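# take a look and give me a structure for this.
(chains A and B)
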There are 2 protein chains.
Amino acid sequence: MMLINSEDKATDRVLNAIAHMPTRSLDAVVEKDFFRKLTDADFMRLATHLARKSYDEGGCPIGAVIIDNASRAIVGKGHNTLVQDDDPYNHGETAAMRDAGRRDFSQTTLFTTLSPCDVCTALIGARGFKHVVVGDVTNASGNEDVLRAKGVVVEVQEDPAGIALYRQFRCENPDLDLEDWKGLAAVNNKNALR
Amino acid sequence: MMLINSEDKATDRVLNAIAHMPTRSLDAVVEKDFFRKLTDADFMRLATHLARKSYDEGGCPIGAVIIDNASRAIVGKGHNTLVQDDDPYNHGETAAMRDAGRRDFSQTTLFTTLSPCDVCTALIGARGFKHVVVGDVTNASGNEDVLRAKGVVVEVQEDPAGIALYRQFRCENPDLDLEDWKGLAAVNNKNALR
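Here you go, the predicted model:
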């Protein structure tokens, strides 16, 4: 009955389809056991497909996935929507949390394609996350140690496709990148100084 | 033509109606000069009406208003939607920012009924706000000095109605209050220790 079964391989085709599917629909399309066998690298690749989806929509390419630690089921996922929703602050992390809804996040793991900004770092602590996996510490904030100081276990699981995509975006659209981190005030200030 | 004119007084009836109106509709219903004469206490009362709206919906009673410094026009407003949107983090401040959209917040003033949490404090800094007015430093975080250290001018404009409403809410629903600040993980942890 299910389109994706536990015997299926976690190919990019399959992970991309899952990235595009509403989280609430996954139970009807993907066998539970499929998720059990996914590695951290697979979940990071799924988050990278969400980043790619955002980039294709004209937005900032950052994605995130939250899984339940016991079942490895996806409970929330999303991507940055600065452009798409005209939202001054909806990062991959917050998009995935909104998708997950009110939940005890201490029982979950958050995969994010990009090292969390200062605001998301505060939020990850304030919502009780205990386990975060980061896909890109090259283009990023360096807040991993701030999270560790809050008692969060932080692992780095680099995805070369995600790192390359973010680097490309930053080259193509430095003002959008700056706005996403520091707001339009910082962009205006930078351009006024030119 | 306008329902609310510049000669009208800023009564609770009028401010409550404005609180309930979509921000984008205000230009069609309220004369621009009406907003010019509003004091900081009036805008805080408007934020308190947004807090009351949230309380009446079963949610957390915290509201916020963002005005343009030059015109005193409202550019964004909103209230906490933890309960209403099943959203682990949409505080009054973020609700007002989402309503305002992508904007140079250094040219605005943020009125919030309650002292900002750690996450909103980081966000206010990262979005370039320079002026924040806080309505309740009694029930609250004490982050005013953290904001000042970021170069934000912080004023306290207490609204007794807002302070009383938040105190009542915290008494009636301490778990919801804790969830809004620290997440469901903190609530479960507290209840497990009982």
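# check what pLDDT the residue nearest the centre of chain A gets.
Most central in chain A under Cα atoms, centre = their mean is A:A64, positioned 1.6 Å from the mean C-alpha point. Looking at A:A64, its pLDDT is 98.
# which strand or helix spans it?
strand A:63-68 (DSSP states H and E).
# do the helix or strand following that strand and chain B meet?
The first helix or strand that comes after strand A:63-68 along the chain, using DSSP H and E, is strand A:74-79. No: if you take Cβ under 8 Å from any Cβ of the partner chain as the test, strand A:74-79 misses chain B, and the best it gets is 9.3 Å. C-beta here means a position set from N, CA and C on the backbone, and glycine is covered the same way.
# partner strands of strand A:74-79 and their direction?
Looking at strand A:74-79 with DSSP bridges, its partner strands are strand A:63-68 (antiparallel).
# now the residue lying closest to A:A161 once chain neighbours are set aside: phi and psi?
Of all residues not flanking A:A161 in the chain, A:T48 sits nearest, at 5.4 Å (Cβ to Cβ, 6 or more residues apart in numbering or on different chains). Per-residue torsions, A:T48: phi -70, psi -40 (degrees, to the nearest 10).
# A:T48 contacts A:G135, correct?
Yes: contact criterion Cβ atoms under 8 Å: A:T48 and A:G135 qualify, at 6.8 Å.
# between the two, what contacts are shared?
By Cβ atoms under 8 Å, 6 or more residues apart in numbering or on different chains, A:T48 and A:G135 have these common neighbours: A:T113, A:D159, A:G162.
# give me the pLDDT value at the first one.
Put plainly, it is A:T113. At A:T113, pLDDT is 98.
# which residues touch it?
With Cβ under 8 Å, 6+ apart, A:T113 has these contacts: A:44, A:47-48, A:50-51, A:61-64, A:92, A:135-136, A:159, A:162, A:166.
# what of A:D177?
Neighbour list for A:D177: A:C60, A:F169, A:R170 [criterion: Cβ under 8 Å, 6+ apart].
# alongside chain B, which residues does chain A contribute?
So chain A meets chain B at A:82, A:85-90, A:94, A:97-98, A:100-107, A:117-119, A:121-123, A:125-128, A:179, A:181-186, A:188-189 (Cβ under 8 Å from any Cβ).
# what about A:E144, neighbour count?
19 (other Cβ atoms under 10 Å in any protein chain shown).
# quick check: it touching A:S115?
Yes: counting by Cβ under 8 Å, A:E144 touches A:S115, with 6.5 Å between them.
# and A:L110, bridged to which residues?
A:I66, A:V132.
# any regions of chain A where pLDDT drops low?
Within chain A, the stretches with pLDDT under 70 are A:194.
# mind running it again at 80?
Applying pLDDT under 80 to chain A flags the ranges A:1, A:140-141, A:193-194.
# one step back: could you find the closest non-adjacent residue to the residue nearest to the centre of chain A?
Per Cβ to Cβ, 6+ apart, closest to A:A64 is A:G92, 3.6 Å.
# what sits against the one you found?
A:A47, A:L50, A:A51, A:I62, A:G63, A:A64, A:G78, A:H79, A:N80, A:T112, A:T113, A:L114.
# equivalent analysis for A:T11, please.
By Cβ under 8 Å, 6+ apart, no residues touch A:T11.
# would you mind writing the CA trace of the strand or helix carrying A:V119 as CSV?
Using DSSP H and E, the element containing A:V119 is helix A:118-126. This file holds the C-alpha atoms of helix A:118-126, laid out as CSV (Å, rounded to 0.1, in the frame of the first residue of the first chain):
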residue,chain,number,x,y,z
ASP,A,118,22.3,33.6,18.0
VAL,A,119,18.5,33.7,18.2
CYS,A,120,18.0,30.0,17.2
THR,A,121,20.8,29.1,19.7
ALA,A,122,18.8,30.8,22.5
LEU,A,123,15.6,29.1,21.3
ILE,A,124,17.1,25.6,21.1
GLY,A,125,18.2,26.0,24.7
ALA,A,126,14.9,27.5,25.8
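# which strands and helices sit next to it?
Here helix A:118-126 touches helix A:92-100, helix A:144-149, helix B:118-126, going by 3 or more Cβ pairs under 8 Å, 6 or more residues apart in numbering or on different chains; DSSP states H and E.
# nearest residue to A:G183 in space, please, no chain neighbours.
According to Cβ to Cβ, 6+ apart, the nearest residue to A:G183 is B:R127 (3.9 Å).
# ok, A:I62 touching A:T81?
No: no contact is recorded between A:I62 and A:T81 when judged using Cβ under 8 Å, the distance being 10.1 Å.
# got any residues that touch both of the two?
Between them, A:I62 and A:T81 share the contacting residues A:S54, judged by Cβ under 8 Å, 6+ apart.
# and the furthest pair within the contacts of A:G92?
Pairwise distances across the contacts of A:G92 peak at 13.3 Å for A:G78 and A:L114 (criterion: Cβ to Cβ).
# grab the nearest non-local neighbour of A:A19.
The nearest residue in space to A:A19 (Cβ to Cβ, 6+ apart) is A:H49, at 3.8 Å.
# do A:K130 as well
Excluding the flanking residues, the one nearest A:K130 by Cβ to Cβ, 6+ apart is A:S106, at 5.1 Å.
# what kind of secondary structure is the one you found in?
helix (DSSP: H, G, I helix; E, B strand; the rest coil).
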